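In: Dropping the sequence and predicted coords here.
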Amino acid sequence: MTRILCASLLLLFLGGCVAPPPVDRLASLRQPDGTLVWQGEYAFVSPGGDWQLITLDEDDYSLAFSKSCDEFFPCQSTLAYAEEPFGYSKDLERRQEEFFKRYLWASRVVFAAPHLEKSTFNGSPALIATIEGVEPVKGQKVWSKVLFGLRGERVVAFHYNQWRPASVPFDLDEVADFDRFVASFRFLKPSFFELL
Amino acid sequence: MEGHQRNLELYDRFNARVAGVSRNDITTLKYWSRDLGLTFPILSNVAGHLGIWFGAQPPGYPMFSRMTVIIDKQGVIRYMHRGSPDYHAILSQLKVLHAEEGVTP
C-alpha cells in the first residue's frame, strides 16, 4: 500500500514537471481555414516558426511580427505591414526614396543604394526594394526587403529587416517567411480612405 | 508633417488648408521643410504666443507640444487633439465641415 502511495505521489510530482501545452497567442485571430484576421481589416497566414506578434505603440505600422535569438547581439528580425509607410508620394519609385530617408532613422543606419525590382501586389503594380545598411559605431548591420504596393490609391508597404553584428553573416532563409506572409495577405474591406 | 503632406489632396477635396506652426526660426524651418519635401506653409512663432493661446506651450519648455487644431471659416475651433495627429479623425471632421458648407446659404 505504501509503495502504491509513493508511486502515486511520484507520478503526481512528475506530472507537475510536465511542461504545459504552448499557448496559442494568435488563437483569437485564427479562422477555421487557418488564416489570421486582424481587426476585421486584413487576412493573412501567420509567418509561423518563432515569429511573435508584437504590440505596437506607434502609428508607423499596422501589424508586425518579431523574432530573435541569443547566440549573438543583435539577432533580431521584424516583419511588418504598414498602412501608412513613411513618405507621401503615390509614385512608388519616389515613395521608396522618401521612405528610406526615415526608415530605421533612430538606429543611425547608413544605407547603401537599394536594389529595385518591379512586381505586383493586390492586382496592381508594386515595387520591391532590398537594401543593406551598417551602424558603424556599434558595429551592427541590417538587411531589409520592402514591398511598396497599393491599397486603392494609397501606397502601403510590407517590410522585413534582419539585424546582425557586422562580423556575422545574414541568414536570408527566413526571407521566405516574409514572402509567404506578403503573398497570403489580403484586404477584407475597403480602407478608411476608400470610403471617405 | 509627412502625414499631412500625404493627405493634401484629401484636404483639397474638403476645401481645407493646412499650416504648421513651430517655435523654430524661419531658416531652420525652411531647411527642415525642404528636407521633408513639404509643400504647405510652416509658420515660425519664435515668441510662442500661438502655443500659449492654444494650450500647446508647456511652461518653461522651449518647444510646442504636438497639437492639431481645426478652425472653421467663421474662426471657430471645431477640433483639438493633443499628441500625434489622428488622421482618420481629422479627415472625418473635415468631411463633416465640408458637408455643413454645402448646406450653408
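Out: Right, received. Where do you want to start? Predicted, not measured: the structure shown is a model, and the values here were computed from it.
In: could you pull out the strands for chain B?
Out: B:20-22, B:42-44, B:67-71, B:77-82 (DSSP state E).
In: Ok, chain A next?
Out: A:36-38, A:42-44, A:52-53, A:63-68, A:76-82, A:110-111, A:115-121, A:124-135, A:140-151, A:154-165, A:186-187.
In: Could you work out which of these reaches nearest to chain B?
Out: With C-beta to the nearest C-beta as the measure, strand A:154-165 is the member of these nearest chain B (8.1 Å). The way it works is simple: take the backbone N, C-alpha and C, and place the C-beta from them, glycine included.
In: elements contacting that closest one?
Out: Counting contacts by 3 or more C-beta pairs under 8 Å, 6 or more residues apart in numbering or on different chains; DSSP states H and E, strand A:154-165 is packed against strand A:76-82, helix A:92-102, strand A:140-151, helix A:175-184.
In: angle of the last one against strand A:154-165?
Out: Translated: helix A:175-184. 170 degrees (axes from the mean of the first three to the mean of the last three C-alpha atoms, to 10 degrees).
In: quick one: helix A:175-184 to chain centroid distance?
Out: 9 Å (C-alpha atoms, centre = their mean, to the nearest Å).
In: tally of neighbours for residue A:72?
Out: The tally of other residues near residue A:72 (other C-beta atoms under 10 Å in any protein chain shown) stands at 10.
In: typo on my end, residue B:91
Out: 19.
In: Residue B:76 now?
Out: 8.
In: swap in residue B:14?
Out: There are 18 residues near residue B:14, going by other C-beta under 10 Å.
In: again, but for residue B:79
Out: Neighbour tally, residue B:79, other C-beta under 10 Å: 17.
In: What are the neighbouring residues in contact with residue B:57?
Out: B:48, B:51, B:64-65 (C-beta atoms under 8 Å, 6 or more residues apart in numbering or on different chains).
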